[in-house]
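[1] just the structure for this:
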Amino acid sequence: MEVILAKKAGFCFGVKRAVDTAFTEAKKAREKGLTVYTFGDIIHNEIVINDLKKEGVGVINSTKELASIPKSVIIIRSHGVGREVYQEIEKYGHTIVDATCPFVSNIHKIVSDKSKTDQIIIVGSPEHAEVQGIKGHCYSEPYIINSMEDAENLPEKIDKNITVVSQTTFNLKKFKDIVELLCKKYYNVSVSRTICNATEERQTEARQLASSVDAMIVIGGSSSSNTQKLYEISRQQCKNTYYIQTLVDLDLTAFESVGRVGITAGASTPNKIIKEVHDSMSEISFEQMLQEEDLVTIKTGQIVEGKVINVKPDELVVDIHYKSDGIVTASEYSNTPVDLTTVVKVGDPITVKVLKTNDGEGQVVLSVKRVMAEKAYEELEKAFNEGTVVKGTVTQALSGGLSVTVNECRAFIPASLVSDTFEKNLDKYVGQEIEFVLTEFNPHKRRVIGNRKQLIVESKKEAAKALFDKIKVGDTVEGTVKNVTDFGAFIDLGGADGLLHISEMSWGRVENPKKIFKVGDTVKCFIKEINGEKIALSLKFDEQNPWLSAEEKYAIGTVVTGRVARMTDFGAFVVLEPGIDALLHVSQISNDHVEKPSDVYKVGDEVTAKVVDFKSADKKISLSVKALLSDDAAEEAADAE
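    Residues are numbered from 1 along each chain as shown. Coordinates of the predicted model:
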């Protein structure tokens with residue numbers, strides 16, 4: 001067994017600095033007869049905390065405890081704390097030793113400065129100590145989001161400029177996906193990339209290592225956020241991933257039949273624990289080498305000839321002239337579900353590939369489909385080298401992407417490369433035949449990585465270029481409603497999206513775009529403005545402008561009827577037709593004194609009045625019920641004479 005230790009495993013700069021500071025302060029305090037506390041766990045590792053406890057370093061977890069302890073040295077943990085914590089420590093006369101990671105301190109400076117004018121969005125785990133510390137340096141309430149769903153649930157419109165920061169140990173890929181969504185959702189986003197380099201390098205290395213081994217071990221404290229993220233990343237690439245705190249948690253028997261094992265550790269994991277695990281795994285490797293000296297005829301990856309000696313619907317037993325029989329499961333016979341009793345019978349010769357020389361029960365694990373896949377791999381290798389498009393059928397939607405079958409080979413398309421936009425539901429692709437290109441091809445590691453996003457982006461880029469080459473301001477275009485928000489609708493024009501703002505949906509007043517449009521509707525509109533890659537659309541066609549004929553229809557002296565749309569203290573606005581409002585001033589409502597319009601009317605009431613003023617240039621019409629009442633009175637007087 002080959003054991004590979006990640007180069008970046010163990011203490012990062014910030015953690016080492018904090019731990020060294022704590023031990024140094026403990027020694028100084030003993031010499032001066034002082035007490036030392038850390039504000040919160042110095043790092044998320046129980047072993048380090050216990051070691052510090054032996055050195056006389058206690059832990060306090062709230063500012064309330066500051067009043068009940070003698071004047072002491074208070075060490076600020078590596079995750080940092082809020083501004084108020086510093087103030088409370090000084091208030092009770094304690095001495096502050098700041099062990100905050102410099103990368104975290106930098107985030108504090110950013111949010112402290114930007115929160116005075118901007119809306120801060122913190123990407124991270126809401127309850128994590130570091131995130132709470134960052135929040136404590138904001139002068140205005142920040143949004144804290146931890147997922148794509150959280151980002152989608154943010155308000156549709158944020159009037160301020162937006163500054164985005166992240167927890168230093170946040171998953172880099174997940175952060176990029178969230179930022180991409182935020183930049184599409186808002187136009188005023190500034191991103192501060194605050195994931196520290198050590199975290200980024202550690203996560204990248206873990207992803208690469210996990211993809212190349214048969215089993216993966218991740219070492220770290222149970223409450224360590226960065227270790228949990230390393231586990232998640234490794235688990236996506238290697239299902240046989242184990243999360244342990246110390247060697248005691250590791251079941252060494254689980255690795256007896258494993259060929260390659262990778263080891264990584266969180267930033268708060270002491271080197272001595274990593275060494276213990278690595279040394280133990282290396283001892284297993286040496287023992288296996290001694291045990292397998294006699295098994296030179298059968299080895300993993302070898303192609304052998306055999307004979308079927310038993311057939312079950314889901315399993316074949318094969319005699320391969322070895323001390324143990326071999327097993328071929330239905331899933332290793334074909335990528336297509338099959339009842340093996342319908343395609344194989346006892347006595348059939350069979351060519352198989354050895355996957356494991358011992359499955360833990362003394363049997364050899366074999367595969368038929370992988371022999372058949374050899375030729376298919378040659379075709380995939382050619383497609384990879386030449387950059388040609390590959391077609392395959394999606395057989396499974398996984399948490400991290402799609403599993404695609406190309407002949408008898410499997411390729412994996414990461415979720416981030418399935419489409420050019422975030423796909424919340426990958427299940428819809430199962431059973432579909434899709435096209436993609438290969439970005440990585442390593443059949444020896446069973447690593448065939450596809451990229452569908454590249455083809456979509458290229459196709460859309462070509463479509464966008466073709467669209468922008470032919471459109472101009474004033475053109476009438478037809479598109480499909482892609483998304484509807486409170487402020488407008490995004491229309492797919494076949495190459496680019498255009499925004500139909502709520503103010504451009506009608507000559508009249510629109511209260512809610514979602515009552516007018518739904519996703520999938522076909523809309524014919526015209527291009528009002530093109531600004532770079534942004535297209536502004538409008539449904540307010542000039543020929544439909546109700547003001548074109550308004551001067552004739554609503555000439556002074558004309559009696560009109562409309563409905564009250566809204567009211568102010570000085571008058572009621574009456575809609576005469578969509579796009580044309582007229583003001584009925586409070587003084588023109590009645591011959592009697594009216595205090596305010598709502599004493600006489602309510603929204604929706606029908607009003608008949610006389611046009612007493614028309615200003616075409618200002619698009620203003622004034623009405624008077626009072627004038628109409630005067631006319632009626634005059635007519636009655638004339639009739640009486």
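[2] thought C12 was touching E200?
    No: C12 is not in contact with E200 according to C-beta atoms under 8 Å; the separation is 11.0 Å. Placement of C-beta: from N, CA and C, glycine included.
[3] mutual contacts of these two, please.
    Residues touching both C12 and E200 (C-beta atoms under 8 Å, 6 or more residues apart in numbering): none.
[4] have a look at these two and say which one is more surrounded.
    Legend: neighbour count by other C-beta atoms under 10 Å for C12 and E200, higher for C12 (25 against 17).
[5] tell me the confidence at the more buried one?
    Looking at C12, its pLDDT reads 73.
[6] contact partners for it?
    C196, A198, T199, R202, A267.
[7] show me which of those residues is closest to N146.
    T199 (16.0 Å; C-beta to C-beta).
[8] contacting residues for the closest residue to the closest one other than its chain neighbours?
    The shortest distance from T199 to any non-neighbouring residue, by C-beta to C-beta, 6 or more residues apart in numbering, is to T169 (5.0 Å). By C-beta under 8 Å, 6+ apart, T169 lies in contact with E130, I195, C196, T199, S225, N226, K229, A267.
[9] which of those residues ranks first by neighbour count?
    A267 (30 neighbours).
[10] and the end-to-end length of stretch 155-166?
    With C-alpha to C-alpha, to the nearest Å as the measure, the first residue of stretch 155-166 is 19 Å from its last.
[11] buried set for it?
    By 16 or more other C-beta atoms under 10 Å, the buried positions in stretch 155-166 come out as I158, I162, T163, V164, V165, S166.
[12] to what extent is I327 buried, counted in neighbours?
    Residues lying near I327 (other C-beta under 10 Å) number 21.
[13] err, P102, not the other one
    11.
[14] stretch 73-90: which residues count as buried?
    73-82, 85-86, 88-89.
[15] which of these fall within helices?
    Judged by DSSP state H, these include V85, Y86, E88, I89 as members of helices.
[16] need the contact list for the second one.
    So that's Y86. The contact partners of Y86, by C-beta under 8 Å, 6+ apart, come to I76, I96.
[17] mind doing that once more with 10 Å?
    F39, I74, I76, I96, D98, G136, H137 (C-beta atoms under 10 Å, 6 or more residues apart in numbering).
[18] quick check: the farthest pair among those residues?
    I74 and H137 (17.8 Å).
[19] now the helices for the stretch 251-400 of the chain?
    Remark: helices assigned in the stretch 251-400 of the chain by DSSP state H, counting those that start in this stretch are 271-291, 330-333, 369-386.
[20] check contacts around the spatially closest residue to A397 that is not a sequence neighbour.
    Take A397 and drop its neighbours on the chain: the residue closest to it by C-beta to C-beta, 6+ apart is L426, 3.9 Å away. With contacts defined as C-beta under 10 Å, 6+ apart, L426 is in contact with V394, Q396, A397, L398, S399, G400, G401, L402, I413, A415, V418, S419.
[21] and for T351?
    T351 touches I303, V304, E305, G306, L366, V368, V371, M372, counting by C-beta under 10 Å, 6+ apart.
[22] repeat that for S166.
    Contacts of S166 (C-beta under 10 Å, 6+ apart): 107, 121-124, 131, 134, 145, 172, 174-175, 178-179, 191-196, 199.
[23] again, but for D325
    So D325 contacts G306, I309, N310, L316, V317, V318, D319, G362, Q363, V364, L366 (C-beta under 10 Å, 6+ apart).
[24] show me the contacts of T169 that map onto helices.
    E130, T199, S225, N226, K229.
[25] from those, pick the one nearest I456.
    Closest to I456, out of all of the ones in helices among the contacts of T169 and judged by C-beta to C-beta, is K229, at 28.2 Å.
[26] wait, that closest one sits on T168?
    No: in this structure, K229 is not within contact of T168 by C-beta atoms under 10 Å, at 11.1 Å.
[27] any stretches of the chain with poor pLDDT?
    256-257, 282-297, 359-362, 631-641 (pLDDT under 70).
[28] just to revisit the earlier point, got TSV for the helices of the stretch 251-400 of the chain, with mean neighbour count and distance to M216 too?
    Converted to TSV, these look like this (neighbours: other C-beta atoms under 10 Å; distance: least, C-beta to C-beta, whole Å):
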stretch	mean neighbour count	distance to M216
helix 271-291	15	12
helix 330-333	18	22
helix 369-386	16	22
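[29] is S587 in contact with E595, as I believe?
    No: with contact defined as C-beta under 10 Å, S587 does not reach E595; the gap is 11.2 Å.
[30] those two: which has the busier surroundings?
    A direct count of neighbours by other C-beta under 10 Å for S587 and E595 places S587 higher, at 12 against 9.
[31] where does that one sit: helix, strand or coil?
    helix (DSSP: H, G, I helix; E, B strand; the rest coil).
[32] got the contact list for it?
    S587 neighbours (C-beta under 10 Å, 6+ apart): F570, G571, H593, V594, S624, K626.
[33] and of the residues you listed, the nearest to K114?
    Using C-beta to C-beta, those come closest to K114 at F570, 41.7 Å.
[34] spatially nearest residue to that closest one (excluding sequence neighbours)?
    V586 (5.7 Å).
[35] separation between that neighbour and A572?
    V586 is 8 Å from A572, where distance means C-beta to C-beta, to the nearest Å.
[36] between those two, which contacts overlap?
    By C-beta under 10 Å, 6+ apart, the residues touching both V586 and A572 are K596, P597, S598, V600.
[37] so which of the contacts of Y86 are in strands?
    The strands, defined by DSSP state E, take in F39, I74, I76, I96, D98 from those.
[38] can you lay out those residues as JSON lines showing distance to N531?
    Output for the ones in strands among the contacts of Y86, formatted as JSON lines (distance: C-beta to C-beta, whole Å):
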{"residue": "F39", "distance to N531": "50"}
{"residue": "I74", "distance to N531": "54"}
{"residue": "I76", "distance to N531": "47"}
{"residue": "I96", "distance to N531": "51"}
{"residue": "D98", "distance to N531": "47"}
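[39] before we move on, back to that, please indicate which of the contacts of D325 are buried?
    Counted by 16+ other C-beta under 10 Å, those give G306, L316, V317, V318, Q363, V364, L366 as buried.
[40] and the two most separated of those?
    For these, the farthest-apart pair by C-beta to C-beta is G306 and Q363; their separation is 12.9 Å.
[41] excluding chain neighbours, what is closest to A464?
    Per C-beta to C-beta, 6+ apart, closest to A464 is G495, 4.4 Å.
[42] now swap in V3 and tell me
    Spatial nearest neighbour of V3, chain neighbours left out: M281 (4.6 Å); criterion: C-beta to C-beta, 6+ apart.
[43] residues contacting that neighbour?
    Contacts for M281 (C-beta under 10 Å, 6+ apart) come out as 1-5, 215, 217, 247, 250, 252, 255, 258, 261, 263.
[44] list the contacts for the residue nearest to N512 when sequence neighbours are not counted?
    Nearest residue to N512, sequence neighbours excluded (C-beta to C-beta, 6+ apart): D486, at 7.3 Å. D486 makes contacts with P155, E156, K157, I502, N512, P513, K514, as judged by C-beta under 10 Å, 6+ apart.
[45] good, wrapping up.
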